[in-house]
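Asker: Turn this into a structure:
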Amino acid sequence: MSSTGKVLLGVLAGAAAGALLGVLLAPDKGSNTRKKIAKRSEDYTDALKEKYDELVSNLTDKFEDAKSESKGMLQNGKAKVDEFKKDVKTSMG
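Answerer: Residues are numbered from 1 along each chain as shown. A predicted model of the protein is given here:
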């Protein structure tokens, strides 16, 4: 996980903890407090899932880019080897 991802996760966790404490310490009926906690936890879960999906998508894109680049390098290397073989055969020839 990148440092940006860690910072983002830390900020979201801190915000969730702060919101939970705010709800728990607010003077309200227990049933209302439980509803607020459930709603906020659902909101934070959705936000975390969205950030996780974004991270996975970014990592997948980077992996595909690296895979494509390595294939190109391999093909280039094979072409140079073939060219070298051809030059050797011509010079021996």
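Asker: Can you pull out the low-pLDDT segments for the protein?
Answerer: 1, 93 (pLDDT under 70).
Asker: Could you pull out the helices in it for me?
Answerer: Taking DSSP state H as the test, the helices found in the chain are 3-25, 30-92.
Asker: Those into TSV, with extra columns for mean neighbour count?
Answerer: Where you see a C-beta, it was placed from the backbone N, CA and C, and this is true even at glycine. Shown next, in TSV, are the helices of the chain (neighbours: other CB atoms under 10 Å):
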stretch	mean neighbour count
helix 3-25	12
helix 30-92	11
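Asker: Leaving out the residues flanking it, which one is nearest to the residue most central in space within the chain?
Answerer: Nearest to the mean C-alpha position of the chain, by CA atoms, centre = their mean, lies Leu55 at 1.8 Å. Nearest in space to Leu55, with sequence neighbours left out and distances taken as CB to CB, 6 or more residues apart in numbering, is Gly5 at 5.6 Å.
Asker: close enough to count as contact, the one you found and Tyr52?
Answerer: No: counting by CB atoms under 8 Å, Gly5 stays clear of Tyr52, with 9.2 Å between them.
Asker: And the residue nearest to Leu55, how close does it get to Lys86?
Answerer: 49 Å (CB to CB, to the nearest Å).
Asker: Skipping adjacent residues, who's closest to Arg40 in space?
Answerer: Of all residues not flanking Arg40 in the chain, Ala19 sits nearest, at 5.2 Å (CB to CB, 6+ apart).
Asker: Before I go, just wanted to say thanks for your time.
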